[in-house]
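Q: generate coordinates for the sequence data below:
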Amino acid sequence: MPTPTNEGSTVECVRCHRTAAAARGVSWGGELGAEIRAKICNDCWTEWQAAEVMVINELRLNFMDPEAQSTLIGQMREFFELGDGQVVSRIKERAERPVGDVMQPIKVTLQHDDHLMKIIYEMVENNLSMIPVLQDGSVVGVIRSVDVLDEVSKLVL
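A: This is a model prediction of the structure:
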């Protein structure tokens, strides 16, 4: 049975949000193929065809394994933002979380005139890579582990 085509039709693409020529040459049949032809523009379909090769290679998909096709379909759905939109909705949920839900509490602070050895001690003792620096009770900056390593390297080298 031949695969239906969308020659000459346009869609409101769910991926790029443009009204454009519908995907052509879609090799998937059934509901998935129909969904792609109804919701994806030809430009996005062409992008997927290039990305599909990379996905297959990067994930080392072996199509002798029945899971490989479902993995590829899942990657394609994410690429096109089709289906449940689970990835997109999870991203939106996470993006709307208050800062207080994701921030790390301040365990330790340093004074702006503390010495390098105290900074190293606090970072190691408290397993920190960044510590707020105070002056007159206000945060004036942060010291990062990379800053400390840079100072130490200047002493050693």
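
Q: please parse this structure into its domains.
A: Listed domain ranges for the chain are 10-95, 104-156 (source: automatic domain parsing).

Q: could you identify which of these has the lowest mean pLDDT?
A: Of all the domains of the chain, the minimum mean pLDDT falls on domain 10-95 (a mean of 85).

Q: quick one on the thing from earlier: okay, the domains of the chain, which one's buried deepest?
A: Most buried of the domains of the chain by mean neighbour count (mean count of other C-beta atoms under 10 Å) is domain 10-95; its value is a mean of 14. (Glycine included, C-beta is placed from N, CA and C.)

Q: got the end-to-end distance for that one?
A: From its first residue to its last, domain 10-95 covers 32 Å (C-alpha to C-alpha, to the nearest Å).

Q: confirm that L128 sits in a helix.
A: No - counting by DSSP: H, G, I helix; E, B strand; the rest coil, L128 is not part of a helix but coil.

Q: ok, it to E96 distance?
A: 28 Å (C-beta to C-beta, to the nearest Å).

Q: repeat that for G30.
A: Computed as C-beta to C-beta, the G30 to E96 distance reads 35 Å.

Q: contacting residues around E151?
A: Taking C-beta atoms under 8 Å, 6 or more residues apart in numbering, we find E151 in contact with L116.

Q: just say helix, strand or coil for it.
A: Assignment for E151 (three-state DSSP): helix.

Q: if I look at it, how far off is L128?
A: Note on E151: its distance to L128, by C-beta to C-beta, is 16 Å.

Q: C41 now?
A: Going from C41 to L128 by C-beta to C-beta gives 48 Å.

Q: ok, then the element right after the strand or helix carrying E35?
A: Using DSSP states H and E, E35 maps to helix 30-39. Using DSSP H and E, the helix or strand that follows helix 30-39 in sequence is helix 42-58.

Q: what's downstream of that following helix, the next helix or strand?
A: helix 66-80.

Q: contacts for that next one?
A: Against helix 66-80 from outside (C-beta under 8 Å, 6+ apart): 14-15, 32, 36, 39-40, 44, 48, 51-52, 55-56, 59, 61-63, 82-83, 87.

Q: next, the angle helix 42-58 makes with that helix.
A: 140 degrees (axes from the mean of the first three to the mean of the last three C-alpha atoms, to 10 degrees).
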